[in-house]
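*Asks:* Prediction below, plus the sequence it came from.
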Amino acid sequence: MLIEFRATNFRSIRETQTLSLVAGSAKELIEENSFDSGLLGFPRLLRSAVIYGANAAGKTNLLRALQYVQSMVRTSAAVSASGAHIAHTPFRLSEANKNQPSEFEVVFADNNIRYEYGFTATAERFHSEWLIAYPHGRPQRWFEREYVADKQSYEWSFGSKLKGSPRVWRDATRDNALFLSTAIQLNSEQLQPVFAWFQKKLVVVASWAAQLNAGLTYKMLEDANSKESLLRFMRAADLGISDLTLQREPLLPGKPLAGHIVLDNVVAGQIPTVLRVSSFHKSNDTGDSVSRCRMSRTARRSCLMPLAPG
């Protein structure tokens with residue numbers, strides 16, 4: 001069961017945001033709204049929680065952050081090739097955040113054991129990763145890694161309670177892969193429940209909102225008057241979007257795809273056209289416009305979302 005989740009420097013999330021399912025001290029409707037966690041010395045947990053706030057305040061992005069963590073745990077060791085970039089979408093409206101790691105931590109319980117697992121990452125590497133387990137209510141730091149830039153290498157520490165071959169798993173862990181994911185590939189039995197929780201028990205639904213008529217939106221962006229009407233609507237919705245642009249370009253063989261794009265005019269024997277819709281937001285530091293590609297979907301178009309930035 002999920003207990004707490006924290007995310008920092010991810011998409012529209014600049015400062016650390018926390019989703020906590022730990023019950024407060026209020027006693028009203030305590031039986032209906034909370035339950036005994038079954039964890040030694042740990043408070044009751046909420047049966048449900050609600051995230052609310054203004055438009056474009058980052059509600060969905062908090063769920064996307066949790067979805068991102070799940071994806072990295074499940075696929076980083078198996079999918080990423082050596083040297084490949086990690087998907088990294090930091091807060092872009094501040095110069096100080098653009099090149100800083102995003103940070104995530106998940107606190108959860110499985111089979112009456114509480115775990116605290118987290119990592120930090122940029123496009124180049126996972127900078128740190130850690131796992132603390134509480135099998136008897138007391139913390140056991142099973143592993144931790146930290147990248148030291150001056151040495152251009154990692155410092156590792158393994159707890160005495162971590163069983164198996166951690167040094168073998170360490171040597172097999174690439175910069176762009178998680179140690180947890182790598183250890184599972186190399187048959188770590190002790191870490192299997194942690195991995196299985198992310199793989200099978202955590203269910204995150206944070207999909208893009210469906211667009212009913214993307215073709216009409218494209219036409220509006222190509223006409224100055226219609227585009228201005230669309231922008232007025234976006235501003236009224238308080239989404240923080242200052243401008244939208246539409247670009248068309250041929251999809252050539254071997255050309256890398258960056259951002260969120262759709263394919264248009266897919267006809268056999270012809271080169272398809274790439275439609276790239278970008279939104280612009282004002283930088284918190286300078287007031288300059290910062291672009292972010294946005295994805296649209298229709299039933300007759302294929303959407304492509306590369307894992308690594310171009």
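*Replies:* Sure, I can see it.

*Asks:* which sections of the stretch 201-310 of the chain are below the confidence cut-off?
*Replies:* Across the stretch 201-310 of the chain, the ranges flagged by pLDDT under 70 are 206-215, 251-272, 291-310.

*Asks:* try 90 this time
*Replies:* The model of the stretch 201-310 of the chain has pLDDT under 90 over residues 203-310.

*Asks:* Please enumerate the helices of it.
*Replies:* 214-222, 224-236 (DSSP state H, counting those that start in this stretch).

*Asks:* CA atoms of the last one as CSV?
*Replies:* Coordinates of the C-alpha atoms in helix 224-236 are reproduced here as CSV (Å, rounded to 0.1, in the frame of the first residue of the first chain):
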residue,chain,number,x,y,z
ALA,A,224,-4.0,34.3,-37.1
ASN,A,225,-7.6,35.3,-36.0
SER,A,226,-8.6,31.8,-35.0
LYS,A,227,-5.3,31.3,-33.1
GLU,A,228,-5.9,34.5,-31.1
SER,A,229,-9.4,33.2,-30.1
LEU,A,230,-7.8,29.9,-29.1
LEU,A,231,-5.2,31.7,-27.0
ARG,A,232,-7.9,33.8,-25.3
PHE,A,233,-9.6,30.6,-24.3
MET,A,234,-6.3,29.1,-23.0
ARG,A,235,-5.7,32.3,-20.9
ALA,A,236,-9.2,32.2,-19.5
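
*Asks:* Does Tyr115 touch Trp130 like I think?
*Replies:* No - in terms of CB atoms under 8 Å, Tyr115 does not count as a neighbour of Trp130; the distance is 10.6 Å. Bear in mind the C-beta positions are built from the backbone N, C-alpha and C, glycine included.

*Asks:* of all the helices of the stretch 201-310 of the chain, which lies closest to Thr16?
*Replies:* Taking CB to CB as the criterion, helix 224-236 is the member of the helices of the stretch 201-310 of the chain that comes nearest to Thr16, at 28.2 Å.

*Asks:* coming back round to it: need the helices of the stretch 201-310 of the chain in JSON lines with distance to Arg170, can you?
*Replies:* Rendered in JSON lines, the data for those read as follows (distance: least, CB to CB, whole Å):
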{"stretch": "helix 214-222", "distance to Arg170": "47"}
{"stretch": "helix 224-236", "distance to Arg170": "48"}
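
*Asks:* Pick the most deeply packed of those.
*Replies:* With neighbours taken as mean count of other CB atoms under 10 Å, those reach their highest mean count in helix 214-222, at a mean of 16.

*Asks:* for that one, packing partners?
*Replies:* helix 224-236, strand 243-250, strand 273-282 (3 or more CB pairs under 8 Å, 6 or more residues apart in numbering; DSSP states H and E).

*Asks:* In CSV, list those along with distance to Met1.
*Replies:* Putting the helices and strands packed on helix 214-222 into CSV (distance: least, CB to CB, whole Å) gives the following:
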stretch, distance to Met1
helix 224-236, 38
strand 243-250, 41
strand 273-282, 36
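
*Asks:* So which of these is nearest Ser25?
*Replies:* Nearest of the helices and strands packed on helix 214-222 to Ser25, taken as CB to CB: strand 273-282 at 39.2 Å.

*Asks:* now that closest one: how far from the chain's centre is it?
*Replies:* If you compare the mean C-alpha spot of strand 273-282 with that of the full chain, they lie 21 Å apart, counting by CA atoms, centre = their mean, to the nearest Å.

*Asks:* Same question for stretch 192-210.
*Replies:* Here stretch 192-210 shows a centroid-to-chain-centroid distance of 12 Å under the convention CA atoms, centre = their mean.

*Asks:* what sits up against that stretch?
*Replies:* Defining contact as CB atoms under 8 Å, 6 or more residues apart in numbering, one finds that stretch 192-210 is touched by 2, 60, 63-64, 66-67, 69-70, 73-74, 108, 110-111, 113, 115, 117, 131, 180-181, 184, 295, 297.
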